[in-house]
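# Everything below, folded, please.
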Amino acid sequence: MKVTLRPLTPDRFADLETLFNARGCSVARGCWCMFYRQSGRSECPDAGTSAAQRNRSEFKALVAAGEPTGLIGYRGSTPVGWESVAPRAQYAKLARSPIMKPVDDTPVWSIVCFVVPQAHRGQGVATALLQGTVAWAKRAGIVLLEAYPVDKAARSDDQDLWFGKLSMFSKAGFEEVARRKPTRPVVRLRPV
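All right, here's what the predicted structure looks like:
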């Protein structure tokens, strides 16, 4: 699977919208990669604005400000997948999560989720995104990647796999550093 990764920038935001608006990505359309970036209860949106619209607007503002938010995978010029990867500090909700709370004080870049439209699933897109992210992290000088995959023996629903499968991370060289719930390990990789 040949997938080229590009950081999300304002000029690529339309490609992210294409991914999130695709069939099988309804959760992404509501979240807009803001769920783990927000801590506590979110304020109610203004009258006439949905939570999804507010999330999209807030996420677009992060991108416009130049914050690292993640990588888009392309097959040719077609966007085929998204991976939310950024410094852990961007994901405020992780600090309070009983499963994904910090293992230690080491600064890490967290891989929080993958979004692959239904039309591109089962073709190795998520694996290509992860492998590309490791290569990208090496070039960017990122010292430590951390992720929170799903580890279940039985087949999971696609929407349960936003975090990725443990087997995919293990094949990429990630090692388990904590497990606070039987099906949810914390894994790390030093890409440099």
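# Show me what counts as buried in the lengthiest strand in the chain.
Longest strand in the chain, counting residues (DSSP state E): strand 78-87. Within strand 78-87, the residues scored as buried using 16 or more other CB atoms under 10 Å are 79-86. Heads up, the C-betas are built off the backbone N, CA and C, glycines and all.
# Likewise for stretch 110-122?
Those would be 110-117, 120, for stretch 110-122 by 16+ other CB under 10 Å.
# what does stretch 128-140 give?
So stretch 128-140, judged by 16+ other CB under 10 Å, has buried residues 128-134, 136-137.
# and what of stretch 141-159?
Of the residues in stretch 141-159, those buried (16+ other CB under 10 Å) are 142, 144-151.
# now the closest residue to residue 179 other than its chain neighbours, what's its secondary structure?
Spatial nearest neighbour of residue 179, excluding adjacent residues (CB to CB, 6 or more residues apart in numbering): residue 185 at 4.5 Å. Secondary structure assignment for residue 185 (DSSP: H, G, I helix; E, B strand; the rest coil): strand.
# What is the lowest-mean-pLDDT helix or strand in the chain packed up against?
Lowest mean confidence among the helices and strands of the chain (mean pLDDT, DSSP states H and E): helix 26-31, at a mean of 92. Applying 3 or more CB pairs under 8 Å, 6 or more residues apart in numbering; DSSP states H and E, we find helix 26-31 packed against helix 13-20, helix 51-64.
# tell me how far it is from the chain's mean position?
13 Å (CA atoms, centre = their mean, to the nearest Å).
# Ok, stretch 114-132 next?
From the chain centre to the centre of stretch 114-132 is a distance of 12 Å (CA atoms, centre = their mean).
# Tell me where this structure has strands.
4-7, 70-75, 78-87, 109-115, 145-147, 175-181, 184-189.
# Including mean pLDDT and distance to residue 25, could those strands go into a markdown table?
Conversion of the strands of the chain to a markdown table gives the following (pLDDT from 0 to 100; distance: least, CB to CB, whole Å):
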| stretch | mean pLDDT | distance to residue 25 |
| --- | --- | --- |
| strand 4-7 | 97 | 18 |
| strand 70-75 | 97 | 13 |
| strand 78-87 | 97 | 9 |
| strand 109-115 | 97 | 6 |
| strand 145-147 | 98 | 20 |
| strand 175-181 | 97 | 26 |
| strand 184-189 | 97 | 22 |
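# Name the residues of stretch 177-192 that come out as buried.
Under 16+ other CB under 10 Å, the buried positions of stretch 177-192 are 178, 184-189, 191.
# just to revisit the earlier point, buried stuff in the least confident helix or strand of the chain?
For helix 26-31, by 16+ other CB under 10 Å, it's 28-31.
# Mind listing residues that contact the helix of greatest length in the chain?
Secondary structure assigned by DSSP state H gives helix 125-140 as the longest helix of the chain. Contact with helix 125-140 is made by 1-5, 71, 73, 80-83, 85, 109, 111, 114, 116, 145, 164, 168-169, 171-173, 189, 191-192, as judged by CB atoms under 8 Å, 6 or more residues apart in numbering.
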